[in-house]
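J.: Next input, structure requested:
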Amino acid sequence: RLARTILGPEKPLARIEVSCYGKLEPYAKWLALSFLNGLWSDIDRSSDFNTVIADLEHRGVSFKLREADSSKKYENSMTVDLATDGESVSLRGTVGEGVKMVSRIDEFNHLYWTPTRNAVFFEYDDRPGVIGAIGDALHRADINIEDMRNPHNPATGHSMAMLSTNQPVPPEL
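T.: Take a look at the predicted model:
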């Protein structure tokens, strides 16, 4: 759902790719069905995998269950790539200490962010003052930041602010 939200829930999907690593690899088809059920509630996780994939193709969505690349050494994680005709998002999730975490979004690795009901993301060209401005805007709206990740990619000059908040952030904010 997070990958779908980042990409844009109203945009029609064209392609889905899934990889499962570590101890999850033998359960890749079952996990893929669970993932697809998160995108479309009418997909039954108890259905035959090939029937579900045929249904996706009927919807105009290509699906690929990629073979895990063990050289990457991702332990017990799942990577999902979603694409429309013009945009894409790649997200990796894992479980650590019994907690579900997002470990990568696109170019930003090692996030280890725990998804929460109330969250807001900003991707921006890195420059001084952005985090302060975000914090100030939330403060003026009486919204508290409960957790924050702020990864930076020096190669691209991009940063991301991932904030968990104590209440929903209104779209207009």
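J.: Assumed residue 25 was part of a strand.
T.: No: secondary structure of residue 25 (DSSP: H, G, I helix; E, B strand; the rest coil): helix, not part of a strand.
J.: Give the full set of residues in contact with it.
T.: residue 68 (CB atoms under 8 Å, 6 or more residues apart in numbering). Backbone N, C-alpha and C define where each C-beta goes, glycine included.
J.: any weak-confidence spans in the chain?
T.: Applying pLDDT under 70 to the chain picks out no residues at all.
J.: where along it do the helices fall?
T.: 2-7, 28-39, 49-58, 130-140 (DSSP state H).
J.: Redo the ones you listed as CSV? Include distance to residue 165.
T.: CSV is the format used below for the helices of the chain (distance: least, CB to CB, whole Å):
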stretch, distance to residue 165
helix 2-7, 15
helix 28-39, 22
helix 49-58, 34
helix 130-140, 7
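J.: Nearest approach to residue 90 belongs to which of those helices?
T.: In terms of CB to CB, the element of the helices of the chain nearest to residue 90 is helix 2-7, at 7.9 Å.
J.: List the buried residues in that closest one.
T.: Residues of helix 2-7 classed as buried by neighbour count (16 or more other CB atoms under 10 Å): 2, 3, 4, 6, 7.
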